[in-house]
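Undergrad: Let me see the structure of the following:
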Amino acid sequence: MEFTYLCKWHAGTTAESWIGTICPLMPFDCTDYEITSHGSCFHLVIGEHCYSKYIYIPTWNIAMDISSMEDRFWNQEHLMRNHPELSPVDVISIVEALAEKHTC
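TA: Just a heads-up that it's a prediction; the model follows:
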């Protein structure tokens, strides 16, 4: 079952918005997703250990702890600072997908 979500980006005086989709890769499993947004596609794995949650994006070799799935500010800043290979649009698409899936 595919879900859609809205992404918004403000760069100075310019604002842009776009729609993203989240598709679970395994039925009834809240860990593996394909995120498609603004021309990019990511395989996103969401996990949890005893101290916090984490995300893993295998095709980009990105693994990081996340504050909470709905903490857009922290997750966005952390991804942008530690993974400059991702564009701001891709970071926002990933962060908004996490926030959308926090209820799973």
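
Undergrad: longest strand of the chain?
TA: Longest strand of the chain, by residue count under DSSP state E: strand 14-24.

Undergrad: Identify the residues contacting the helix or strand following that one?
TA: Going down the chain from strand 14-24, the next helix or strand is strand 32-37, by DSSP states H and E. If you take Cβ atoms under 8 Å, 6 or more residues apart in numbering as the criterion, strand 32-37 is touched by 7, 18-26, 41-46, 89-90, 93-94, 96-97, 101. Yep, even glycine has a C-beta here, placed from its N, CA and C like the rest.

Undergrad: Now the buried members of those residues.
TA: Neighbour-count burial (16 or more other Cβ atoms under 10 Å) is assigned, among these, to 7, 18, 20-22, 24, 42, 44, 46, 89-90, 93-94, 96-97, 101.

Undergrad: Can you name every helix or strand that the helix or strand bottoming out on mean pLDDT in the chain contacts?
TA: Within the chain, judged by mean pLDDT, DSSP states H and E, the helix or strand with the poorest mean is strand 3-11; its value is a mean of 86. Judged by 3 or more Cβ pairs under 8 Å, 6 or more residues apart in numbering; DSSP states H and E, strand 3-11 is in contact with strand 14-24, helix 88-100.

Undergrad: As TSV, the ones you listed with mean pLDDT and distance to F3 would be great.
TA: Formatted as TSV, the helices and strands packed on strand 3-11 follow (pLDDT from 0 to 100; distance: least, Cβ to Cβ, whole Å):
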stretch	mean pLDDT	distance to F3
strand 14-24	89	5
helix 88-100	92	7
